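Sequence first, then the predicted structure:
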Amino acid sequence: MIFSKNSNFDSFINRHTLLYGEADTKKTFYTAKFVQFLLEAKKVNPKDISILDFAPKLKKIKKLKIGGKIEDYYDKSLMCNNITFEGEIIPPRLKSQSKAKLYEYACANFKKTDQLLKIFNENPTSILIINDISIYLHIGSTTSILESIKQSNTFFGNTYYGHSIKSDYSTLFSLRERRLANYLIKKIEYSYFTG
């Protein structure tokens, strides 16, 4: 299904929803808008909303916005149960100069993001928000993501699904990411393409 900017956010409550698409198609923006809707329109207790933000810092590369956190689009999201890690996510394909560095960065990112999933699983909330699942999929498994999603009544997340982020030595890396994203798109109840 194609995601509409006029979507009724009410229809996403008590459902599992995934946005997927190319870089710079407002996946994080709409995810932040859903958090805003929960807090401001539905008056949900912020502590009932867990946010796992796997995205790297927002950067502009070749006129494309890459990365970006939910708080970049809605700073009141910081009132929620943000499960965080120390340090930053390094976008592997954009920062690495070799295949070895690509996997080194992906492994470091996996350790950070996997820890967040484990923390959430130990004390789940009824609402789970995950920004940029593709960062986890570089090394992680769909099984772990789906286990966390199943613990929530309402899930809203997004993943990169495109071709604009690439490098000469990342073909197999990107193919794995896309294959796992395809699996999630089929498994998650409602999946919407953002462009």
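Happy to help now that I have it.

residues in contact with residue 136?
Each residue near residue 136 by C-beta atoms under 8 Å, 6 or more residues apart in numbering is listed here: 54, 109-110, 113-114, 117, 144-145. (Glycine included, C-beta is placed from N, CA and C.)

Give the other helices and strands that the longest helix along the chain contacts.
Counting residues, the longest helix found in the chain (DSSP state H) is helix 99-122. Counting contacts by 3 or more C-beta pairs under 8 Å, 6 or more residues apart in numbering; DSSP states H and E, helix 99-122 packs against strand 49-53, strand 81-83, helix 92-95, helix 134-137, helix 142-150, helix 171-187.

Kindly report which one of these carries the lowest mean pLDDT.
Set side by side, the helices and strands packed on helix 99-122 give their lowest mean pLDDT on helix 92-95, at a mean of 86.

If you count contacts, what does it end up packed against?
Counting contacts by 3+ C-beta pairs under 8 Å, 6+ apart, helix 92-95 is packed against helix 99-122, helix 171-187.

got CSV for those helices, with mean neighbour count too?
Below are the helices and strands packed on helix 92-95 laid out as CSV (neighbours: other C-beta atoms under 10 Å):
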stretch, mean neighbour count
helix 99-122, 16
helix 171-187, 16
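
could I get the ones you listed as JSON lines with distance to residue 38?
Output for the helices and strands packed on helix 92-95, formatted as JSON lines (distance: least, C-beta to C-beta, whole Å):
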{"stretch": "helix 99-122", "distance to residue 38": "17"}
{"stretch": "helix 171-187", "distance to residue 38": "22"}
